[in-house]
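> model the following, please.
(one chain, ligands or ions: 1)
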Amino acid sequence: MTLPEWFAGSSEEAGFLRLVLDHVSDCLVAVDTAGTIVLINEPYCRLLGGEADDFLGRHITDVVGPQTKLHFVARGIGTHVGYPLEVRGHKLVTKQVPVHRDGKIIGAVGLALFSDYDALKKTYSRISKAELAIPQRPRAWQSKFSLNDIIGTGELMDSYRDAIKVAAAYDLPVMICGETGAGKELAAHALHALSDRRSGPFVWVNCASIPSELIEAELFGYEGGAFTGARSQGKPGKFELATGGVLFLDEIGDMPLALQGSLLRVLQMNEMVRVGGTNPVSIDLSIVCATNKALLDLVKVGRFREDLYHRLNVLPINVPPLRHRNDIPHLAECLLARIAGRLSKPTPNLTDHDRNLLIGYAWPGNVRELENALTRMIITGTLAISAQEVSSTPAEPDATPPLKDRIRSQTDAEIRSALKQTRGNRSRAAELLGISRAHLYRLLKEPGAK
Ligand SMILES: Nc1ncnc2c1ncn2[C@@H]1O[C@H](COP(=O)(O)OP(=O)(O)OP(=O)(O)O)[C@@H](O)[C@H]1O
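Model (predicted):
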């Protein structure tokens, strides 16, 4: 390469830079503000069919043709990225940008991004295929709430929050039980936000709201043309979308029996096949389920598979119903401020009468019902709860042991049963529990394990 004075120094750096430019397989040319070629690398010389000395010192339009814009760019007139340029029969896609020194334009550099359109087409097709292969992760698949969003004071709420923290610390299936509106979905979001999988997606499915004939495709995805109406390029299911994160199966008690069998197989094998597909895809996610039904009762009447129940119910979280909580006025005050803020209204104060109403009512719809009553209060100015629904004595909290202890004993029971079934074979017991062997060993070594 023949070089301009300012580039032709004999320092090691200048030599190295010259070598780099010659080794770059893309064509590169630089001009000064007059459009005169001051630098040209080997690949461009090869493409033009000459030596650098044949081109240096000549105007760029003489060498590559009148369609180039590089001499304009060198005078500060524009920048061109992805500019198509035909040079001696070669169809290039180029980038032409000005070169600045001390804030002044001193020339321009032209670089071929692609040396022919075929190379561009091939690259485009590779990118498209790679994009199709990567499951798209829309921003929507994120947890929206954290532990801080769970309002509540007192022992009952502390042990409920502890149960979420414990569940978030393990990569084990979690079963969240609680009445409607008590906060099961909120707990699932908080769990994901606390877990090691928080940077992965949080994908939710409501098993009760998807028609049973569609739920399999919704969960496991489908290949193109798997059924009438299927998208031609297929679609990833919720399992694939949740890769690396948490899959939240809400209302698990409403999952059709046939699908329960498929789900169990997927959890046992740790891999799934899309509907209409043949290739198994391995899965890497945590399962969190929620139910407001007594699953064991469903098991007894044959509406929920017992084996699936045991596989999913490894770490239970019981969300307390509102009537068992002794912090209702505090919760109501916090919610009033939150809802009033959202509605851009002043926050009303609770009177003693309001507090008594709140404490005395049974709240069958739990926190959701409370939120609705408070929203109406902000709008109408009065807290209206139907008098006949207010009981004379507030409900007492259950005298159950702390949730942490219940989780521990539940985990122990599951492990004991698995070890019994496998006659003490820990590898097989781990398999049966759907956890790794190392995980089982960790659980067995934990303080309090029986
Ligand atoms: N401890 C809490 N602090 C603040 N808000 C809460 C709390 N618990 C529940 N909520 C709010 O109550 C509403 C109902 O909660 P969520 O949807 O989590 O209940 P759910 O148990 O999943 O109900 P469902 O069974 O009907 O689906 C939501 O707006 C949620 O943010």
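
> the worst-scoring helix or strand of the chain on mean pLDDT: what's the following helix or strand?
Of all the helices and strands that make up the chain, the one with the lowest confidence by mean pLDDT, DSSP states H and E is helix 403-421; it has a mean of 67. Note on helix 403-421: by DSSP states H and E, the next helix or strand toward the C-terminus is helix 426-433.

> what angle sits between the helix or strand just after that next one and helix 426-433?
Going down the chain from helix 426-433, the next helix or strand is helix 437-445, by DSSP H and E. Between the direction of helix 437-445 and that of helix 426-433, the angle (axes from the mean of the first three to the mean of the last three Cα atoms, to 10 degrees) works out to 100 degrees.

> any buried residues in helix 437-445, and which?
For helix 437-445, the buried set under the neighbour-count rule, 16 or more other Cβ atoms under 10 Å, comprises 440, 443. C-betas here are computed from N, CA, C, even on glycine.

> other SSEs contacting that helix?
Helix 437-445 sits against helix 403-421, helix 426-433, with contacts defined as 3 or more Cβ pairs under 8 Å, 6 or more residues apart in numbering; DSSP states H and E.

> for the ligand, what is the nearest residue in this protein?
For the chain, the residue positioned closest to the ligand under Cβ to the nearest ligand atom is residue 183, at a distance of 2.7 Å.

> find the residue closest to that residue in space, skipping its chain neighbours.
Distances taken as Cβ to Cβ, 6 or more residues apart in numbering put residue 319 closest to residue 183, at 5.1 Å, once the chain neighbours are dropped.

> burial check on that neighbour, number of neighbours?
Counted with other Cβ atoms under 10 Å, residues neighbouring residue 319 total 25.

> one more: residue 342?
Other residues close to residue 342 by other Cβ under 10 Å number 10.

> wait, residue 217 touches residue 275, no?
Yes. Distance between residue 217 and residue 275: 4.8 Å, which falls inside the contact criterion (Cβ atoms under 8 Å).

> what does this protein put close to the ligand?
When proximity is defined as Cβ under 6 Å from any ligand atom, the chain approaches the ligand at 150-152, 178, 180-186, 292, 367-368, 371.

> which one among those gets closest to residue 416?
Nearest to residue 416 among these: residue 178, at 26.3 Å, using Cβ to Cβ.

> pretty sure that closest one contacts residue 320?
Yes. Taking Cβ under 8 Å as the contact criterion, residue 178 and residue 320 are neighbours in contact, 7.4 Å apart.

> for residue 94, helix, strand, or coil?
In three-state terms, and counting by DSSP: H, G, I helix; E, B strand; the rest coil, residue 94 is strand.

> so what's it bridging to?
Residue 94 has these beta-bridge partners by DSSP bridges: residue 83, residue 112.

> show me where the stretch 151-300 of the chain has helices.
Listed from the start of the chain, the stretch 151-300 of the chain has helices (DSSP state H, counting those that start in this stretch) covering 155-169, 184-194, 212-220, 238-241, 257-269, 295-300.

> so how far is the strand or helix carrying residue 14 from its chain's centroid?
If you go by DSSP H and E, residue 14 is part of helix 12-23. In this view, helix 12-23 has its centroid 44 Å away from the chain centroid, taken as Cα atoms, centre = their mean, to the nearest Å.

> and for stretch 283-298?
With Cα atoms, centre = their mean as the basis, stretch 283-298 stands 20 Å off its chain's centre.

> that older thread, quick one, what contacts the residue of the chain closest to the ligand?
For residue 183, the set of contacting residues under the criterion of Cβ atoms under 8 Å, 6 or more residues apart in numbering consists of 150, 319, 366, 367.

> can you pull the contacts of the third one?
Put plainly, it is residue 366. Taking Cβ under 8 Å, 6+ apart, one finds 178, 179, 180, 181, 182, 183, 321, 322 in contact with residue 366.

> where does pLDDT dip in the stretch 51-200 of the chain?
128-139 (pLDDT under 70).

> any chance you could map the strands in it?
Using DSSP state E, counting those that start in this stretch, the strands of the stretch 51-200 of the chain run over residues 80-87, 90-101, 104-114, 174-177.

> show the pLDDT at the most centrally placed residue in the chain.
A centroid search over the chain (Cα atoms, centre = their mean) returns residue 201, at 1.9 Å, as the residue closest to the centre. Predicted confidence (pLDDT) for residue 201: 94.

> that one and residue 244 touch, don't they?
Yes. Contact criterion Cβ under 8 Å: residue 201 and residue 244 qualify, at 7.0 Å.

> possible to save the strands of the stretch 51-200 of the chain as CSV with mean neighbour count?
Rendered in CSV, the data for those read as follows (neighbours: other Cβ atoms under 10 Å):
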stretch, mean neighbour count
strand 80-87, 15
strand 90-101, 17
strand 104-114, 20
strand 174-177, 24
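
> in a helix, residue 38, correct?
No. Counting by three-state DSSP, residue 38 is located in no helix; its state is strand.

> tell me how many other residues crowd it.
Using other Cβ under 10 Å: residue 38 sits among 22 other residues.

> picking up where we left off before, mean confidence score for the helix holding residue 14?
The predicted model assigns helix 12-23 a mean pLDDT of 74.

> and that helix, which residues are buried?
Of the residues in helix 12-23, 18, 21 count as buried by neighbour count, 16+ other Cβ under 10 Å.

> show me what the following helix or strand past that helix is packed against.
Moving toward the C-terminus from helix 12-23, the first helix or strand encountered (DSSP H and E) is strand 28-32. If you count contacts as 3+ Cβ pairs under 8 Å, 6+ apart, strand 28-32 packs onto strand 37-40, helix 42-48, helix 60-64, helix 70-73, strand 104-114.

> which residues touch the longest one?
So that's strand 104-114. Among residues not part of strand 104-114, those counted as contacts by Cβ under 8 Å, 6+ apart are 26-33, 38-39, 44, 60, 68, 70-71, 73-76, 81-82, 92-100, 120, 123.

> any idea of the angle it forms with strand 80-87?
Here strand 104-114 points in a direction 70 degrees away from that of strand 80-87 (the same axes, to 10 degrees).

> wait, isn't residue 328 in contact with residue 321?
No. At 11.3 Å, residue 328 and residue 321 do not qualify as touching, with contact defined as Cβ under 8 Å.
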